[in-house]
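K.L.:
Have a look; sequence and predicted model below, questions after that.
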Amino acid sequence: MPIFKIAAAVLALCFILPGPTVWSQAGSSDALCGEQTEPAFCRAARGARAEGWPGQSRSEVMAQHGMVVTSQPLAAQVGLQILRSGGNAVDAAVATAAALNVAEPMMEGLGGDLFAVIYVAKERKVYVLNASGTAPTGATVERFNELGYHWNPKNWGPGSGVPVHGILSVTVPGAAWGWQEVLRRFGTMTLKQVLEPAVQYAENGFPVSERIAHDWRLPEALPLRGCCTQLDVDSVKTWYVNGTPPKPGNIFKNSDLARTFRLLQARGIEAFYKGVIAKAIIAKSTALGGTMTLEDLADYHGEWVETARTRYHDYELLEVPPPSQAWAANEMLNILQACIHQWAPEKTLASLGPASPLYWHLLVEAKKLAYADLYRYNADPNFAAVPLGLLLSESHAASLCAKVDPAHASTPGPAGNFPMGGDTIVLSTADGAGNMVSWVNSNFDEFGSGITVPGFGFILHDRGALFTLDPKSPNVIQPHKRPFNTLSAGFLLHENKPVMTVTLMGGDMQAQGHAQLLVDILDLGANVQAAADMARFRHSQVSNELGLESPLYDIVGEKLAAMGHSVTSIDGGSVGGVQVIMFVPANSGGDGYYRSGSDFRKDGQAVGW
């Protein structure tokens, strides 16, 4: 009997669960920290680590044969199960993503976007997949204007004028195509095999964890004009329990999504893009005033593309190219490398250190310069010329040094009023053959457009909200065009050998977060778990607002404000989540192995064997 059938049988037995039962621990309640009637433990002091950096949440997870790390423990275990059943890193990535569609449905799913960076060990080569969605037929500036939507000059970045939610923000889903495409090219298992764990969770349910319950809020998605003030009835029916979001510990099931996965198992993505699912998507869209057609779905395909590449110190950083924003991480690091000695003579980022206000000032100013180019040029390269070679050149980085005053904050543009949101999942996988995957899958915002396809249990994403209605912009909306995309996935090489995946989710946090993560590791010497745990900043380009996680704000916030930054204290919900794997090659003392870190700000887990 093939090993995958044995594994599937064992998995099925694991899901034969009794009916919903509420268990109670003595002294516990449904109250959470931060609520009016919070339990007494919320006033306790945190314990101290026995070794290492006191701020680190836990040790790195290390394993030799394979690794999966993502933002939800059940999904991570699904990926590990695939690896132990004989699958490779690509098989595990798809299985993990499908499980996240069930267990973290506000963040990602079949109705969203996907980018992946895949290191194929036997070829010693990196491949990049762009499975992001395209604008539907009828998505024109003129149509939006007729419906009362216009470019907002106070938002000179992506997303100006387009409603954030609702049917007008929906682009053709790319994730389903991407799942099957990576399996076709690099997987060893079928879509039927890798979807089975997710089917079981969808049919039998899973307990909603505390952090995910916190994020489980539907956006208002209706009406077509003057959007958005009302919830989509199909979304409420699918995602809420008796009209309200599930609470921590509630067992949540999604039989409609299980049905969708079963159709994909039987018929592949033909069912999604040309079959009964496609017809349901178009019926829902048309009923709400959308312009997507069956031909838009049937004609969809993603692209295999070349990476954006730069060198930082002795390492090569590979990031997803336009229309992704990921390449801004390359430029940000280029600027730091070219300019740090001018801005702080005889200093390095390491000698300044993360307790120095100047350290943070320079990182933020480098981010502003990189994002200025990002907002000016980034767009679908099939529709607009993006001079990536110039923007990522060492000479261009050096030409920007004089724009930074080491003592005073700059203003990146006209006064604006648009802070960018965005929610996403990232995951990393690795296998015993040395293959590694950096993966980002998203609905864009929590529950995307807020529109659910009835009877099929998945959300349509709202990535089209990142188009602009400015007719002069390279990112202006057009039919069949891909919008500016915040999704970012990267990979680090040293002498053309794999070092680590680079992932951090969260809207416009992603590229600036990738750069911060790599500085933590390559300049400050942090291990990958420590780097995931270290305090971060998030700067919004249009509003020019700088958020520092509260412990960091307490150290440098006032001094940065004195330098002219508009700085506030924020919690960890705004700075994304890291899920990375590092490869340590074999040496004379032993075999190679993997090290991984999972961000404590999420419910995630790193698992290996």
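P.N.:
All right, it came through fine.
K.L.:
which helices and strands does the helix or strand harbouring residue 203 pack with?
P.N.:
If you go by DSSP states H and E, residue 203 is part of helix 191-204. Applying 3 or more Cβ pairs under 8 Å, 6 or more residues apart in numbering; DSSP states H and E, one finds that helix 191-204 contacts helix 3-14, helix 73-84, helix 89-103, helix 175-186, helix 255-267. From N, CA and C alone the C-beta is placed, and that goes for glycine too.
K.L.:
relative to helix 191-204, how tilted is the longest one?
P.N.:
Between helix 89-103 and helix 191-204, the angle formed by their directions is 20 degrees, by axes from the mean of the first three to the mean of the last three Cα atoms, to 10 degrees.
K.L.:
For helix 89-103, list the C-alpha coordinates in CSV.
P.N.:
Taking C-alpha atoms only, helix 89-103 is exported to CSV below (Å, rounded to 0.1, in the frame of the first residue of the first chain):
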residue,chain,number,x,y,z
ALA,A,89,9.1,21.0,0.2
VAL,A,90,6.8,22.1,-2.6
ASP,A,91,4.2,19.4,-1.7
ALA,A,92,4.4,20.5,1.9
ALA,A,93,4.0,24.2,1.0
VAL,A,94,0.7,23.6,-0.9
ALA,A,95,-0.7,21.3,1.8
THR,A,96,0.2,23.9,4.4
ALA,A,97,-1.4,26.7,2.4
ALA,A,98,-4.6,24.7,1.9
ALA,A,99,-4.7,24.0,5.7
LEU,A,100,-4.3,27.7,6.3
ASN,A,101,-7.2,28.4,4.0
VAL,A,102,-9.3,26.5,6.5
ALA,A,103,-7.7,27.5,9.8
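K.L.:
Okay, now the unreliable bits of this protein?
P.N.:
Applying pLDDT under 70 to the chain picks out residues 1-30, 419-422, 588-589.
K.L.:
which helix is the longest one in it?
P.N.:
Across the chain, the longest stretch assigned as helix under DSSP state H is helix 357-377.
K.L.:
Tell me the buried residues in that helix?
P.N.:
Along helix 357-377, these residues count as buried under the neighbour rule (16 or more other Cβ atoms under 10 Å): 357-377.
K.L.:
list the contacts for residue 131?
P.N.:
With contacts defined as Cβ atoms under 8 Å, 6 or more residues apart in numbering, the neighbours of residue 131 are 113, 114, 115, 116, 174, 175, 177, 178, 181, 302.
K.L.:
Just the buried ones among these, please.
P.N.:
Neighbour-count burial (16+ other Cβ under 10 Å) applied to the contacts of residue 131 gives 113, 114, 115, 116, 174, 175, 177, 178, 181, 302.
K.L.:
Dump these into TSV; add distance to residue 281 as well.
P.N.:
Compiled in TSV, the buried ones among the contacts of residue 131 are given as follows (distance: Cβ to Cβ, whole Å):
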residue	distance to residue 281
113	15
114	17
115	22
116	23
174	13
175	13
177	13
178	17
181	19
302	17
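K.L.:
mind listing what residue 370 touches?
P.N.:
Residues near residue 370 by Cβ under 8 Å, 6+ apart: 328, 329, 331, 332, 335, 511, 512, 515.
K.L.:
Shouldn't residue 594 be within a strand?
P.N.:
Yes. Per DSSP: H, G, I helix; E, B strand; the rest coil, residue 594 lies within a strand segment.
K.L.:
who does it bridge with?
P.N.:
residue 63, residue 583 (DSSP bridges).
K.L.:
What is the neighbour count of it?
P.N.:
For residue 594, the count of nearby residues is 28 (other Cβ atoms under 10 Å).
K.L.:
thought it was touching residue 580?
P.N.:
No. Counting by Cβ atoms under 8 Å, residue 594 does not reach residue 580; the two are 10.4 Å apart.
K.L.:
State the distance from residue 581 to residue 327.
P.N.:
With distances taken as Cβ to Cβ, to the nearest Å, residue 581 is found 22 Å from residue 327.
K.L.:
Most tightly packed of the helices and strands packed on helix 191-204?
P.N.:
Comparing the helices and strands packed on helix 191-204 by mean neighbour count (mean count of other Cβ atoms under 10 Å), helix 89-103 comes out on top with a mean of 30.
K.L.:
right, and the helix or strand after that helix?
P.N.:
Following helix 89-103 in sequence order, the next helix or strand is strand 113-120 (DSSP H and E).
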